[in-house]
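> sequence below, structure please.
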Amino acid sequence: MSRRVYLALGSNLGDRRAHLADAIGEMRAAGVAVDAVSSLYETPPWGVTEQPPFLNIAAGGRTDLDARALLALAK
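Got it, this is the predicted structure:
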């Protein structure tokens, strides 16, 4: 059963843009049909503020993965 899913992704180390692009590629390779990706947004760290700013995106798509499998893939 295909489910509509939305993920918020962020990276604050190394080549942040490449890490986010790789994450989208990995999701697609695992069978998530990513059909929407937001613009990039830079945000300051929250909580532990002694770290670099985050680059963030939101992605939407469809998948047959259950919630636990999708979470494992996202991590």
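> quick one: contacts for the residue most central in space within the chain?
Centroid-nearest residue in the chain, with C-alpha atoms, centre = their mean: residue 9, separated by 3.1 Å. Taking C-beta atoms under 8 Å, 6 or more residues apart in numbering as the contact definition, residue 9 lies against 20, 23-24, 56-59, 74. From N, CA and C alone the C-beta is placed, and that goes for glycine too.
> now it, what's its secondary structure?
Secondary structure for residue 9, judged by DSSP: H, G, I helix; E, B strand; the rest coil, is strand.
> for it, give the beta-bridge partners.
Counting by DSSP bridges, residue 9 forms beta bridges with residue 57.
> on that earlier part again, who wins for most neighbours among the contacts of residue 9?
The most neighbours of any of those, using other C-beta atoms under 10 Å, belong to residue 59, which has 21 neighbours.
> touching the one helix or strand it maps to from outside, list them.
Secondary structure assignment for residue 59, by DSSP states H and E: strand 54-63. Defining contact as C-beta under 8 Å, 6+ apart, one finds that strand 54-63 is touched by 2-12, 16-17, 20, 24, 27, 31-45, 70.
> this structure: helices as residue ranges?
Under the criterion DSSP state H, the chain contains helices at 16-29, 67-74.
> just give me the neighbour total for residue 44.
Applying other C-beta under 10 Å, we find 10 other residues in the vicinity of residue 44.
> and what of residue 63?
Using other C-beta under 10 Å, residue 63 has 19 neighbouring residues.
> hmm, residue 45 is touching residue 11, no?
No. Residue 45 is beyond contact range of residue 11, at 11.8 Å (criterion: C-beta atoms under 8 Å).
> between these two, which is the more surrounded one?
Using other C-beta under 10 Å as the criterion, residue 45 and residue 11 rank with residue 11 on top: 19 against 13.
> wait, what's in contact with the more buried one?
19-20, 23, 54-55.
> can you rerun that using 6 Å?
By C-beta atoms under 6 Å, 6 or more residues apart in numbering, residue 11 lies in contact with 19-20, 55.
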